[in-house]
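J.: Return a 3D structure for these sequence lines:
(one chain, ligands or ions: 2)
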Amino acid sequence: MNLQSLVTDHFRLTEAERRGLKKLGIEIVENLLYYFPSRYGGVAEMRAIANLQKGETATVFGRVSKLKASKGFRTKITMGTGELDDGTGKIKLIWFNQPYLAKMIPEGALVRVEGKASEKKKSGELYFSNPKIERVEKVPLSAETSLFGTESDAHHLHPVYPETRGVSSNWLFHAIQKILKSGALDFITDPIPPDILKTYSLPSRKTALIWIHAPKKETDARMARKRFAFEEIFLIQLKKQKERALLKNEPSFVIEKTEEQITRFTERFSFPLTRAQQRAIDAIAGDFKKGVPMARLLEGDVGSGKTAVAASTAYAVVTSRPQGQTFGNMQVAYMCPTEILAKQQFENFISFFSHLPVNIGLITSSGCRKFPSKVSASWQTGNGATDISRAQLLKWVANGEIPILVGTHSLIQKAVRFKHLAYVIIDEQHRFGVKQRKALVHKEKIIPHLLSMTATPIPRTLALTLYGDLDLTLLDEMPAGRKPVNTKIVLPNERVEMYEHIRKEMQNGRQAYVICPRIDPPRVDEASPRVEAGEPDPTKALAVQARSAKKEAERLKKEVFPEYEIAVMHSKLKDAEKEKVMKGFKDGKIQILVSTSVVEVGVNVQNATLIIIEGAERFGLAQLHQLRGRVLRSTHQAYCFVFAESSGTKTVERLKALGQAKNGFELAEYDLAQRGAGTLSGREQWGVSDIAMEALQNLKMVEAARAEAARLISEDETLGAYPLLSQHLASRAKKEIHFE
Ligand code: ADP
Ligand code: MG
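T.: Ligands and ions are numbered 1, 2, ... in the order given. Down below sits the predicted model:
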């Protein structure tokens, strides 16, 4: 068996298996080897039916019979039922809402059943409710008998793999064991230099593969996971640091603006800069003079004033001339993740630059605008900008007449060409993938300076890993006079009281956001749980109960705030509609904006000082913090009311952290510790595996990986002495492009 050979060459696959494997991205033998168990089912949790306890989650092997699909007598819920017999006793199996499960397993088959033993209220009889079920070829020795029998055959730690329709954990287990026995592992090479493995006592790649799929003891499995986590983080770090080292060899625009010159721009602001803002501007202006591309991350909590930093440094750029040119100025591209935000920042830039002869353009998928306008006032939108054709805009950007171009990811399009693109600013950069960031930076021949801005407080381990290629500036100071948002976790019985409080604030002229987890009420067919998992997905069940923006707006108007103008905002609205609603809200014509989390990033309406968040447990803490940031925009006392659907202590505890944490970073750390890395917002875009996400909870490991990567790169950024490592980096890069 060869690592690169196709799975289909070695295993006879059913059509369902073929499709399932494709979905899991498993094509070649090597892919199977790198498909890791999500956990290990020990012999310990295996039970004989006779010994099952109420409420216990257990695995039972036995023969299944009496399978049938039916409907609940009173409830009319469809369900599948069956009976499992393991020789020590019988237990009923019930799958609510999943009648088909009873049809997928043949009557009399040997199966492995895993689930929670629940008790019937009336009879006290135990049954498995929505258990996982899969066919097995043979029944292993049970926990009870193995105490007396031989242990030789029993896999102490039985790996359990994440399943998908058509591919069971059991199938994966046997396939992988076959590969392990085939000798294919002899061809495994290890990219991590042996001295590093030795320093951190990590197993080699080959050993780790054996340990992860066939551990003899728990520590084997743990060491193996640690090794792969280290490997992934080390390789990411190495790649980022290599890129960074190479970037320093590239020439870029030199921008020679003095502090005094920039100060002439910033002293016109209606507020004094915070010291943190001034430091950030100085750091960026310093980078501008170096002649190599800046790559800097500006991390600052919501409301810390990142836009002002962006505008001031953009000013330095657009009032500078490229070296050796006698005509024309350098250009700035400012990219935002949403159209709402792009428009808002376009307006912001207009007011920052209104005293200067600087053209500002806007490009989004729904159209283009330019300021100042050259046509009559009747054509103008809000601030004196005009809608212009895309072709016209592109022409003016290409010939340099528009030095500042604000936009959404439309900016990345090939057709958008700049004359002297010297500075790229990415707002809310965590909302973009690395590829989008790169696409904008590598648009023109000369690499521009890059400022990535984010308010997403991410834990330090993650920042070190993902942003290893960026210099970091923190805006760790809030503008003076901001009162912290008064945050209250509202229990269901306090709802009415809360609405009265809100009404008082509104009578004083304030406005409110109401955030709902979904747009529409659920459709009836959504009420049935996922098929593959074989168990209802709790998040889905929650989603079904969650309030929808549309319904909630109707309800508030009818039952709670009939005297106010209420509008709905969500991603599916037409662009023109979105804009109309945002304008109405900004102008105070709409007092209550019922929205999904689309207003999460950057939206800035100063008079809105109230925010109600419905179904708060559906959001991550960092996201809640972002949402709350919407009302941190003025000197009026702001309030955040957090409603949870469940009043469980865990939920309330977690939400309480929102009231206590001093800033978003603390919250992110808390979220990481409490809920695990999988729930950090934006993780899909980072392309980090589950195993590496686990490792991110371990600061020591991340720092070690970073230090080792830095050492190798400082020795030689081409990694000449480590051909295996270079090769691995190259193949990783190829894969990334492949999946794009
Ligand atoms: P964010 O960092 O979340 O992007 P913004 O740039 O949108 O924050 O700024 C939030 C609000 O704070 C804006 O209304 C802005 O005008 C105001 N602001 C920015 N800097 C200061 C400052 N130094 N003092 C007072 N207000 C400021
Ligand atoms: Mg912002």
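
J.: the strands in the stretch 551-700 of the chain, which residues?
T.: Counting by DSSP state E, counting those that start in this stretch, the stretch 551-700 of the chain has strands at residues 566-569, 592-595, 608-613, 639-643.

J.: other SSEs contacting the second one?
T.: When contacts are defined as 3 or more CB pairs under 8 Å, 6 or more residues apart in numbering; DSSP states H and E, strand 592-595 sits against strand 511-515, helix 549-555, strand 566-569. Placement of C-beta: from N, CA and C, glycine included.

J.: Any chance of those in CSV with distance to ligand 1, mean neighbour count and mean pLDDT as columns?
T.: Output for the helices and strands packed on strand 592-595, formatted as CSV (distance: least, CB to the nearest ligand atom, whole Å; neighbours: other CB atoms under 10 Å; pLDDT from 0 to 100):
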stretch, distance to ligand 1, mean neighbour count, mean pLDDT
strand 511-515, 15, 26, 95
helix 549-555, 23, 18, 93
strand 566-569, 18, 22, 94
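
J.: Pipe the ones you listed into JSON lines and attach distance to Arg495 per row.
T.: Shown next, in JSON lines, are the helices and strands packed on strand 592-595 (distance: least, CB to CB, whole Å):
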{"stretch": "strand 511-515", "distance to Arg495": "12"}
{"stretch": "helix 549-555", "distance to Arg495": "12"}
{"stretch": "strand 566-569", "distance to Arg495": "17"}
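
J.: Relative to Thr487, tell me which of these wins on proximity.
T.: Nearest to Thr487, of all those, is strand 511-515, at 13.7 Å by CB to CB.

J.: how about the residues of this structure that lie near ligand 1?
T.: 271, 273-274, 277, 300, 302-308, 455, 479, 602, 604, 633 (CB under 6 Å from any ligand atom).

J.: can you do 5 Å?
T.: 271, 274, 302-308, 479, 604 (CB under 5 Å from any ligand atom).

J.: Quick check, Pro517 in contact with Lys551.
T.: No. Here Pro517 does not reach Lys551: they are 11.7 Å apart, not a contact under CB atoms under 8 Å.

J.: thinking again about what came up before, now rank the residues of the chain next to ligand 1 by neighbours and give me the top one.
T.: Ser304 (27 neighbours; other CB atoms under 10 Å).

J.: Double-check that it belongs to a helix.
T.: No. Under the criterion used here (DSSP: H, G, I helix; E, B strand; the rest coil), Ser304 is coil, not part of a helix.

J.: rewinding a little: looking at the strands of the stretch 551-700 of the chain, which is buried most?
T.: Compared across those, strand 592-595 shows the largest average neighbour count, a mean of 27 (mean count of other CB atoms under 10 Å).

J.: partner strands of it, parallel or antiparallel?
T.: Here strand 592-595 has these sheet partners by DSSP bridges: strand 511-515 (parallel), strand 566-569 (parallel).

J.: Would you mind listing the outside residues contacting the last one?
T.: With contacts defined as CB atoms under 8 Å, 6 or more residues apart in numbering, strand 566-569 is touched by 549-550, 553, 556-557, 578, 581-582, 584-585, 590-596, 598-599.
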